[in-house]
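**Q** next come a sequence and a model predicted from it.
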Amino acid sequence: MQIYKVGGAVRDRLLGRPVTDIDWVVVGASAEEMLARGFRPVGADFPVFLHPSSGEEYALARTERKSGHGYGGFTFHASPDVTLEEDLIRRDLTINAMAEDEHGNLTDPYHGQADLDARLLRHVSPAFAEDPLRVLRVARFAARYAALGFKVVPETLALMRQLAESGELQALTPERSWKEISRALMEDQPQVFIQVLRDCGALAVLFPEVDALFGVPQPEAHHPEIDSGVHTLSVLEQAARHRQPLTVRWACLLHDLGKGLTPEDQWPKHIAHESKGLKLIKAVNERYKVPRDCQELALLVGEYHTHGHRALELRASTLLELLQSFDVYRRPQRFEEFIAACEMDARGRLGLEERAYPQADYLRGAAAAAKAVAVQPLLEQGFKGPELGEALKRERLKALKAYKEQAAG
């Protein structure tokens, strides 16, 4: 029985990056032997065990064979006679197919270290094309390691394209897809994830609404980059640069989907793209069973991001409606995330990445002015029920008018 450290822990140590999760593979052991040593079994599909003291996962060396559609369509075979090389060949990328023994000796049958040095993302074997999830995984690794200069090799991109065209991507469950998408969006360069999906034709399958933005022009005065798809990538890049949370990054990805619906004869203008895009944002949210906080912010940013940009010009009544739409009195954080998404949108434009965004503080000030209106005096005047709500609205409107005058003065 031999135990090896495998996959990401080996890769990241060689790259000089922090190692967080450690995966172990056990060669030459049976499930019975693992149980006899006190390991606890987990997972019904293949033999994975938890270490009796550390709780880390130890998997028996195994081979796999395609037996159906999608990520789960595999039959696994684990036995003491499966070699380390046989276990490693079923992995996705050469840089993830290395192992290390307890003395730090490297086993690298598929030249992962050479690809690490050359900054290449390369599939281990043709079996790569059997698992559609690998399209998302490789695009995610490209986003993670883009700053180090990593690129997907053309042969691997060709296999990803083959998977995109095969219909296999549709066999992925929403939950599994969302797990990869959400992790990719939180990488340092999430725009690379979207670009790689586009390069292999997978974006048109997974996010046709985003793919439709490429080649759609916008007015050059506001968007020096012109192309709506390029703008979306830039907004996502800014969101990562400014360390925004997943909710904001998701909203940034979807905020302009309505522009993909504009008839060509109306280009480069996109009248009412905000409201037109809502049905597309809803469709994407439902497709991936996106968490509610991400869903809600994406819809609100889609509908109101141009209000954010025009904040200083808005009438007090429109400002009040905006604040009410966000339920800013009970959910202040959501409004803060909206402001962040608007600022990323403003910065995600060629040559305008560093410009100031005074709208942010102005909107915060408006929210503070409306929230400062006290309910107690209105209760003391006898207002209750719907009448109280109307009275509160009137007082908030007054406060916002005063705020606007003060800001203008």
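**A** On my side now, so go ahead. Remember, predicted model here, so these are calculated numbers, not experimental data.
**Q** what residue is smack in the middle of the protein?
**A** In the chain, the C-alpha nearest the mean C-alpha coordinate belongs to residue 185, at 2.6 Å (CA atoms, centre = their mean).
**Q** count of neighbours near the residue lying closest to that one once chain neighbours are set aside?
**A** Closest residue to residue 185 apart from its sequence neighbours, by CB to CB, 6 or more residues apart in numbering: residue 249 at 4.6 Å. Where C-beta positions appear, they are placed from N, C-alpha and C, glycine not excepted. By other CB atoms under 10 Å, 23 other residues sit near residue 249.
**Q** kindly report the same for residue 174.
**A** The burial count for residue 174: 13, using other CB under 10 Å.
**Q** then residue 265?
**A** When counting by other CB under 10 Å, one arrives at 5 neighbours for residue 265.
**Q** equivalent analysis for residue 88, please.
**A** 25.
**Q** report the contact partners of residue 137.
**A** 92, 180 (CB atoms under 8 Å, 6 or more residues apart in numbering).
**Q** where's it, which helix or strand?
**A** If you go by DSSP states H and E, residue 137 is part of helix 133-145.
**Q** give the next helix or strand downstream of that helix.
**A** Once the chain leaves helix 133-145, the next helix or strand it forms, by DSSP H and E, is strand 151-152.
**Q** hmm, back to that, quick one: the residue nearest to the centre of the chain and residue 248 touch, right?
**A** No. Here residue 185 lies out of contact with residue 248, judged by CB atoms under 8 Å, at a distance of 9.8 Å.
**Q** quickly note the distance from the residue nearest to the centre of the chain to residue 266.
**A** Counting by CB to CB, to the nearest Å, the gap from residue 185 to residue 266 is 31 Å.
**Q** got it, and residue 229?
**A** Separation of residue 229 from residue 266 (CB to CB): 18 Å.
**Q** low-confidence regions, this structure specifically.
**A** Low-confidence segments of the chain (pLDDT under 70): 43-46, 64-76.
**Q** let me see the domain layout of it.
**A** 1-109, 372-408 (automatic domain parsing).
**Q** can you put these in TSV and add distance to residue 345?
**A** Formatted as TSV, the domains of the chain follow (distance: least, CB to CB, whole Å):
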stretch	distance to residue 345
domain 1-109	31
domain 372-408	22
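**Q** of all those, which lies closest to residue 179?
**A** Checking these against residue 179 by CB to CB gives domain 1-109 as the closest, at 10.5 Å.
**Q** endpoints of that closest one, how far apart?
**A** 20 Å (CA to CA, to the nearest Å).
**Q** begin at 27, not 1, for the rest of this chat.
**A** Okay, residue one is now 27; in that scheme the one you just asked about reads as domain 27-135.
**Q** residue 151 and residue 377, how far apart?
**A** Separation of residue 151 from residue 377 (CB to CB): 45 Å.
**Q** ignore what I typed, I meant residue 206.
**A** Distance, residue 206 to residue 377, using CB to CB: 33 Å.
**Q** those two: which has the busier surroundings?
**A** Taking other CB under 10 Å, residue 206 and residue 377 do not tie; residue 206 has more neighbours (19 against 8).
**Q** so that one makes contact with residue 162?
**A** Yes. Counting by CB under 8 Å, residue 206 does reach residue 162; the two are 3.9 Å apart.
**Q** next one: phi and psi at residue 253?
**A** With angles defined as degrees, to the nearest 10, residue 253 sits at phi -70, psi 130.
**Q** just so I have it, where are all the strands in the protein?
**A** Secondary structure of the chain (DSSP state E): strands at 28-32, 49-53, 66-68, 74-76, 83-86, 88-92, 100-104, 125-126, 132-133, 146-147, 177-178.
**Q** contacts only, for residue 40.
**A** Residue 40 makes contacts with 124, 139, 142, as judged by CB under 8 Å, 6+ apart.
**Q** now do residue 74
**A** Residue 74 neighbours (CB under 8 Å, 6+ apart): 67-68, 83-86.
**Q** ok, now with 6 Å
**A** By CB atoms under 6 Å, 6 or more residues apart in numbering, the contact set of residue 74 is 68, 83, 85.
**Q** distance check, residue 287 against residue 230.
**A** For residue 287, the distance to residue 230 - CB to CB - is 16 Å.
**Q** typo on my end, residue 208
**A** Using CB to CB, residue 208 is found at 21 Å from residue 230.
**Q** just give me the longest helix of this protein.
**A** Assignment by DSSP state H gives helix 411-434 as the longest helix of the chain.
**Q** show me where the stretch 177-326 of the chain has its helices.
**A** 180-192, 200-211, 216-225, 229-232, 234-237, 254-267, 272-280, 299-302, 304-313, 318-335 (DSSP state H, counting those that start in this stretch).
**Q** now the fourth one - C-alpha only, PDB.
**A** Extracted C-alpha coordinates of helix 229-232, given in PDB (Å, rounded to 0.1, in the frame of the first residue of the first chain):
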ATOM      1  CA  LEU A 229     -20.300  30.400 -24.500                       C
ATOM      2  CA  ALA A 230     -22.900  30.100 -27.300                       C
ATOM      3  CA  VAL A 231     -24.200  26.900 -25.600                       C
ATOM      4  CA  LEU A 232     -24.000  27.900 -21.900                       C
END
